[in-house]
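Student: Sequence first, then the predicted structure, then my questions.
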Amino acid sequence: MSSLDQPKTETPPRNKTRIVIKVGSSLVANVKNLTPSFAFMHGLLNDISTLRDQGYEVVLTSSGSVALGLNSVGCTIENASIQDKQAAAACGQPILMHAYRQIALEYGFDIAQVLVTLDDLENRRRFLNVKNTVHRLIKQGVMPIVNENDTVTTEEIRVGDNDRLGAKIAQMIGAEYLFILTCIDGVYDRDPSEEGAVFVESIEDVSSYMEAASGTSSLGTGGMLTKLQAANMAQNAGCTTFISKGTMEYPVTAILSGERKHTKCIAHSSPSSAWNIWLTDRLQMAGSLVIKQDIADSLFGGDEGFSCHDVVSIHGSFERADVLHVYDEKGEEIARGLCNFSSDETTIISSRPDETVKNILGYTASHRLINSENLVVLAEHHLPWDEPVTDD
Ligand code: GLU
């Protein structure tokens, strides 16, 4: 099987006892002193140890490396440049992990650090490497603590927020629940400081709220957009997300038991396959194509992919096996898929329609640009890819 062929029928491995918990910097770092919030961490790990005793397998996604490293590089949140933050992350990540480990050992379990970059999630081979490692740790009973490797990522190639990182991890391990713990008790139908803002207890279709959050009338706080995007990614993968305030006492179990106020974003009952989710729920766009309208229309009928000759225009510089966004001539994004050629190769092949690929590139291949098994036609799910601004 070539690296581009993936089993189309792969179903998402659901695990009813597997959960991902995401905690933001404002919970794990004391904002004034930029030191670890040991009290919160104790409460969290105490609760996680209860969950583990109940048979749950927990993966934690924790922010805090930048905040906890600022003192070491002599900066404040306000004056730190990107380079300062990268250096701060290098100083703060060991502080964060040391604190977690000391506390976790008190509760009788060990933790492991898993640092990832956007490429580790969006490149198929690297994604599988991370997934295997996380699974190995879970099997061992060691709790993985995931964060973005901020020290080596630059603005253009980073996930940027741990909400969507947490959702990616939830998709990766087939989690049943994603808990996003933050400084607000959940989602409101508009900015919660506005008079008459109504709390939203349960959301069936997160994508409708995301449009409101990204439009001019802002929904909740600015940081709510990434939380909703994360909830949408989780929902597509059959994972239910709880958004709630990260309190010191029982931050997770009180939500699970319904004792603490929260917004529940309910998982879709018929989630896409793990392969389709990986193909479509992307944070970065490698490139895009516009294809002929009649070919675009035929994709909805389940026709077989499309060839280089069906392309009207090519955008961006991409490599073979990058995932492309496919638009019709009306400007609608209709599909996403793994391409068989680089952008340069696609340009040459499509400009010489009467020649074989062998004649042009020197090796035998069909003109097919995206094979049907590597193409997902976007029907109803809103699938974000652009990087939002986060304040968390
Ligand atoms: N990775 C960042 C950190 O550890 C945080 C990103 C976020 O807050 O979402 O500081």
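Tutor: That came through fine.
Student: now the strands: where do they sit in the stretch 201-350 of the chain?
Tutor: 202-203, 240-245, 263-265, 287-291, 306-307, 311-315, 323-327, 333-338 (DSSP state E, counting those that start in this stretch).
Student: of these, which approaches the ligand most closely?
Tutor: Among the strands of the stretch 201-350 of the chain, strand 240-245 comes nearest to the ligand, with 14.0 Å by Cβ to the nearest ligand atom. Every C-beta, even on glycine, is put in place using the N, C-alpha and C of the backbone.
Student: mind checking which helix or strand L105 is in?
Tutor: If you go by DSSP states H and E, L105 is part of helix 82-106.
Student: Could you identify the helix or strand that succeeds that helix?
Tutor: strand 111-116.
Student: which helices and strands sit right next to that next one?
Tutor: helix 82-106, helix 124-140, strand 143-148 (3 or more Cβ pairs under 8 Å, 6 or more residues apart in numbering; DSSP states H and E).
Student: what about the protein, any weak spots by pLDDT?
Tutor: Scanning the chain for pLDDT under 70 picks out 1-16, 156, 211-222, 302-303, 380-392.
Student: Count the neighbours of I145 for me.
Tutor: 24 (other Cβ atoms under 10 Å).
Student: quick one, what contacts it?
Tutor: Taking Cβ atoms under 8 Å, 6 or more residues apart in numbering as the criterion, I145 is in contact with V59, L60, T61, S62, M97, Y100, I111, A112, Q113, V114.
Student: What's the PyMOL syntax to select whichever of those residues are buried?
Tutor: Command for PyMOL, covering only those of those found buried under the criterion 16 or more other Cβ atoms under 10 Å:
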select buried, resi 59+60+61+62+97+100+111+112+114
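Student: which pair in the contacts of I145 spans the largest distance?
Tutor: V59 and M97 (14.6 Å; Cβ to Cβ).
Student: Torsion angles phi and psi at V31?
Tutor: phi -60, psi -30 (degrees, to the nearest 10).
Student: what does D281 give?
Tutor: phi -80, psi 80.
Student: pretty sure it is in contact with M172, am I right?
Tutor: No - using Cβ atoms under 8 Å, D281 is not in contact with M172; the gap is 10.9 Å.
Student: just how off-centre is stretch 150-158 within its chain?
Tutor: 15 Å (Cα atoms, centre = their mean, to the nearest Å).
Student: first to last residue in that stretch, what's the distance?
Tutor: End-to-end distance for stretch 150-158, by Cα to Cα, to the nearest Å: 8 Å.
Student: ok, residues contacting it?
Tutor: With Cβ under 8 Å, 6+ apart, stretch 150-158 has contacts from 65-66, 82, 85-87, 89-90, 93, 117-119, 148, 159, 284.
Student: so which two of these are the farthest from each other?
Tutor: Going by Cβ to Cβ, the pair spanning these furthest: A87 and Q284, at 24.2 Å.
Student: higher neighbour count, these two?
Tutor: Using other Cβ under 10 Å, the more surrounded residue of A87 and Q284 is A87, with 21 against 17.
Student: does that one really touch N71, like I thought?
Tutor: No - the pair A87 / N71 is not scored as a contact, 11.9 Å apart, by Cβ under 8 Å.
Student: wait, what's in contact with E201?
Tutor: Counted by Cβ under 8 Å, 6+ apart, E201 has contacts G186, H262, T263, K264.
Student: Enumerate the positions of stretch 61-73 that are buried.
Tutor: Buried residues in stretch 61-73 (16+ other Cβ under 10 Å): T61, S62, S63, G64, S65, V66, A67, L68, G69, L70, N71, V73.
Student: And stretch 191-198, by the same measure?
Tutor: Neighbour-count burial for stretch 191-198 [16+ other Cβ under 10 Å]: P192.
Student: Weed out the non-buried ones from the contacts of E201.
Tutor: Buried among the contacts of E201 (16+ other Cβ under 10 Å): G186, H262, T263, K264.
Student: Please list which of those residues are also close to the ligand.
Tutor: Taking Cβ under 6 Å from any ligand atom as the test, the ligand is in contact with none of the buried ones among the contacts of E201.
Student: Enumerate the residues of the chain near the ligand.
Tutor: 24-25, 63-67, 147-148, 150, 161-162, 390, 392.
Student: how many neighbours does the nearest residue to A89 once chain neighbours are set aside have?
Tutor: Of all residues not flanking A89 in the chain, D150 sits nearest, at 3.7 Å (Cβ to Cβ, 6 or more residues apart in numbering). Neighbour count for D150, taken as other Cβ under 10 Å: 25.
Student: mind checking the SS state of D150?
Tutor: Under DSSP: H, G, I helix; E, B strand; the rest coil, D150 falls in the coil class.
Student: and it, how far is that from G24?
Tutor: 14 Å (Cβ to Cβ, to the nearest Å).
Student: ditto for Q235
Tutor: From Q235 to G24 the distance is 20 Å (Cβ to Cβ).
Student: and the closest residue to D281 other than its chain neighbours, what is it in contact with?
Tutor: Spatial nearest neighbour of D281, chain neighbours left out: M233 (4.8 Å); criterion: Cβ to Cβ, 6+ apart. By Cβ under 8 Å, 6+ apart, M233 lies in contact with R164, A167, K168, A170, Q171, D281, P384.
Student: ok, of these, which one's closest to the ligand?
Tutor: R164 (8.5 Å).
Student: Please work out how many residues are found near the nearest residue to the closest one once chain neighbours are set aside.
Tutor: Nearest residue to R164 in three dimensions, chain neighbours excluded: A230, at 4.9 Å (Cβ to Cβ, 6+ apart). Taking other Cβ under 10 Å as the criterion, the count of residues near A230 is 29.
Student: wait, A230 sits on Q171?
Tutor: No - counting by Cβ under 8 Å, A230 does not reach Q171; the two are 10.2 Å apart.
Student: Give me the contacts around stretch 290-310.
Tutor: So stretch 290-310 is contacted by 311-313, 315, 326-330, 332, 334-335, 337, 341, 346, 349-350, 353, 366-372, 374-375, 377 (Cβ under 8 Å, 6+ apart).
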